[in-house]
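**Q** Here is my input; please provide its structure:
(one chain, ligands or ions: 1)
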Amino acid sequence: MGIALSTPERVAPVAARLPTITTVCSHSSLQIFHGARVEGFRSLGICAGAPPKYYDAFPLGRPDSFLSVPSLQEVASQTQKLKDATAVVVPHGSFVEYVGPERFAELDVPVFGNRAVIAWESDREKEREWLDSAGVQMPRRFATPADVDGPAIVKYYGAKGGKGFFLAKNREALDGFQPSGPHVIQEYVLGTRYYLHFFYSPLSTDGYRVGSGSLELLGMDRRDEANIDELYKLGAHEELLRAGIRPTFVVTGNVPVVMRESLLPQVFDVGARIIEKSIELFGGMVGPFCVEGIMTEDLVFKVFEISTRIVAGTNVYVHGSPYSDLVAPDLSMGRRIALELKRGRAEGRLQEILS
Ligand code: ATP
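**A** Below you'll find the model as predicted:
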C-alpha cells in the first residue's frame, strides 16, 4: 500500500458510485472529457455562464452535462451539487488559476492527484527548493544585476505568460535596471525548449519504477510563444526595442516534438528525481505533470519550470504520441487519468490517487 493522500470519508462516495469526471471548460477539458467517455465515465463541465458554444462542434469531447456558475471563483459554493454528481475534480492549469489556489486547496470534493503540490508549485522559491534538492539542473540565478555574466532573463513573480519579462544580452544591458516588482534574474539558457509530459502512477507495479509506482513519458511538445517566436522575422531584438516592441511569451498554441532517443535516460532521470523528492517533501505528486526545460548544445537539460497538472501541450496527442503509442494505443493524457481512476476503484486504492 502506498501513501494515503485523502481520508476514507472523502473517497467513500467515489468508491461506492461511478464518479463523474469533472473539470472547468477550458485548457485541456475536451481531451479530459473524451478520455472519460472512452473509459466509460460520465463527465461534467463547469463553466462561467452558458456552456461554451465551441463544445457543440466536438461531440466526442463534450461533457455529458454542465454546471453553470456566475463566476468560476464561486465553484466552492457549488460543493453540494458536485457531491450529488459524485464529482472527481481533474485540475488543469486554468482550473487552479480561475478558481484560485486557496479556494482550490479547500474544495471539499475529491481531487485527482495530490493537492498539496500546489503550495510547492505556486511559490517560485519553494519550487526551486524542491527541484534543487532533487538534484535537477536549473538555470543559474544571479543575486544582483552586477553578478550577471552572460545573457539573462528577468522574471517577475506572477507575470502571466511572461508579460514584462526582460531579456538582457549581457550585464551592460542591465545598467540602470529598475525592477517593477518582485523578480528573479536568471541565466538565459541557449538551447531548445522541450515540455515533457509525464504521468506518475503510484498504483503501477511494472514499467519504469520510481518510488512504489511507475513513471510514464506520454509525450513532449514545444509551445508557440507570441510574439517572441516570430520576432526574428522582423529583425534584431534591439531594433525591435527601439521600435517599442517588447518580446512576450504568451502561449498561443503547441507543436509536437520528439527528442533524440539517446537523451531519454536523462529525461527519465529528471522525472524520477522530481517524483522521489516530492514523496519525501509532501507525500508525492500523482498523475500528470510537465517538466519544462531547455536542452543545451552540451546536451544538458536545464529545467526552468514545472507544471504539476495536465498541461495544454498534451492536446496535440488526443490519439496518442510517438511515446504513449509505445505504452498503449490511443492513449491521451485525459484517458490515462480515467484509467488510473478506474484502477484505483477496482483495487480499493483511491486514497492513494485522490486528495
Ligand atoms: P507559465 O506559468 O505560463 O508557464 P511563467 O510566467 O511561469 O509561464 P516561465 O514558464 O518561467 O514563465 O517562462 C516563460 C517562457 O520564458 C518559457 O516558456 C521560455 O520560453 C522562456 N524562459 C523561461 N526561463 C528561461 C531561461 N532561464 N532561459 C531561456 N528561456 C527561458
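
**Q** contacting residues around residue 339?
**A** residue 39 (CB atoms under 8 Å, 6 or more residues apart in numbering). For every residue, glycine as well, the C-beta is placed using N, CA and C.

**Q** no, scratch that, I was asking about residue 30
**A** Here residue 30 is in contact with 55, 58, 61-62, 315, 318 (criterion: CB under 8 Å, 6+ apart).

**Q** Serialize those to CSV and add fields for secondary structure, distance to residue 143 and neighbour count.
**A** Shown next, in CSV, are the contacts of residue 30 (DSSP: H, G, I helix; E, B strand; the rest coil; distance: CB to CB, whole Å; neighbours: other CB atoms under 10 Å):
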residue, secondary structure, distance to residue 143, neighbour count
55, helix, 49, 18
58, coil, 49, 11
61, coil, 47, 21
62, coil, 51, 22
315, helix, 39, 19
318, coil, 44, 19
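
**Q** quick check, nearest of those residues to residue 141?
**A** Proximity of these to residue 141 (CB to CB) peaks at residue 315, which lies at 32.0 Å.

**Q** quick one: the closest one and residue 31 touch, right?
**A** Yes: counting by CB atoms under 8 Å, residue 315 sits close enough to residue 31 to count as a contact (5.6 Å).

**Q** longest helix of the protein?
**A** helix 264-282 (DSSP state H).

**Q** Can you name the residues in contact with that helix?
**A** 3, 114, 116-117, 119-120, 130-131, 133-136, 196, 198, 200, 208, 210-211, 215, 217, 259, 284-285, 289, 291, 293, 299, 301, 303, 306.

**Q** do that again at 7 Å, thanks
**A** 114, 116-117, 120, 130-131, 133-136, 196, 198, 200, 208, 210-211, 215, 217, 259, 284-285, 291, 301, 303, 306 (CB atoms under 7 Å, 6 or more residues apart in numbering).

**Q** Which ones among those also lie next to the ligand?
**A** When the contacts of helix 264-282 are checked against the ligand using CB under 6 Å from any ligand atom, none falls in range.

**Q** Drop anything exposed from these.
**A** Buried by 16 or more other CB atoms under 10 Å: 114, 116-117, 120, 130-131, 134, 136, 196, 198, 200, 210-211, 215, 217, 259, 284-285, 291, 301, 303, 306, out of the contacts of helix 264-282.

**Q** the longest strand in the protein is where?
**A** For the chain, the strand reaching the highest residue count under DSSP state E is reported as strand 213-227.

**Q** Residue 331 touches residue 324, doesn't it?
**A** Yes: between residue 331 and residue 324 there is a contact at 4.3 Å, judged by CB atoms under 7 Å.

**Q** tell me, what's touching the two both at once?
**A** Contact criterion CB under 7 Å, 6+ apart; residues shared by residue 331 and residue 324: residue 218.

**Q** Now do the contacts for residue 354.
**A** Going by CB under 7 Å, 6+ apart, residue 354 touches 5-6, 11, 14, 88, 110-112.

**Q** Can you read off the backbone torsions of it?
**A** phi -110, psi 150 (degrees, to the nearest 10).

**Q** do the same with residue 344
**A** phi -60, psi -40.

**Q** I'd say it and residue 338 touch.
**A** No: look at residue 344 against residue 338 with CB under 7 Å: they stay out of range, at 10.7 Å.

**Q** picking up where we left off before, how distant is the longest helix of the chain from the center of its chain?
**A** Its chain's C-alpha centre and that of helix 264-282 lie 15 Å apart, by CA atoms, centre = their mean, to the nearest Å.

**Q** can you check stretch 173-180 too?
**A** With CA atoms, centre = their mean, you get 31 Å for stretch 173-180.

**Q** heads up, I number from 36, so please use that
**A** With 36 as the first residue, the last one maps to stretch 208-215.

**Q** List the contacts of that stretch.
**A** In contact with stretch 208-215 (CB under 7 Å, 6+ apart) are residues 180, 183, 187, 191, 199, 203.

**Q** can we see that at 8 Å?
**A** 180, 183, 187, 189, 191, 199, 201, 203, 220.

**Q** Go through the residues you listed and give me the one with the most neighbours.
**A** Among those, residue 187 has the most neighbours (other CB atoms under 10 Å), with 25 neighbours.

**Q** Next secondary structure after the helix or strand where residue 81 lies?
**A** Using DSSP states H and E, residue 81 falls within strand 77-83. The helix or strand immediately downstream of strand 77-83 is strand 100-104, counting by DSSP H and E.

**Q** so what strands line up beside that next one?
**A** Sheet pairing here is set by DSSP bridges, and for strand 100-104 it gives strand 77-83 (parallel).

**Q** contacts for the partner strand?
**A** Against strand 77-83 from outside (CB under 8 Å, 6+ apart): 53, 55-60, 64, 67-68, 71-72, 86, 90, 97-107, 110, 113, 117, 120, 122, 133.
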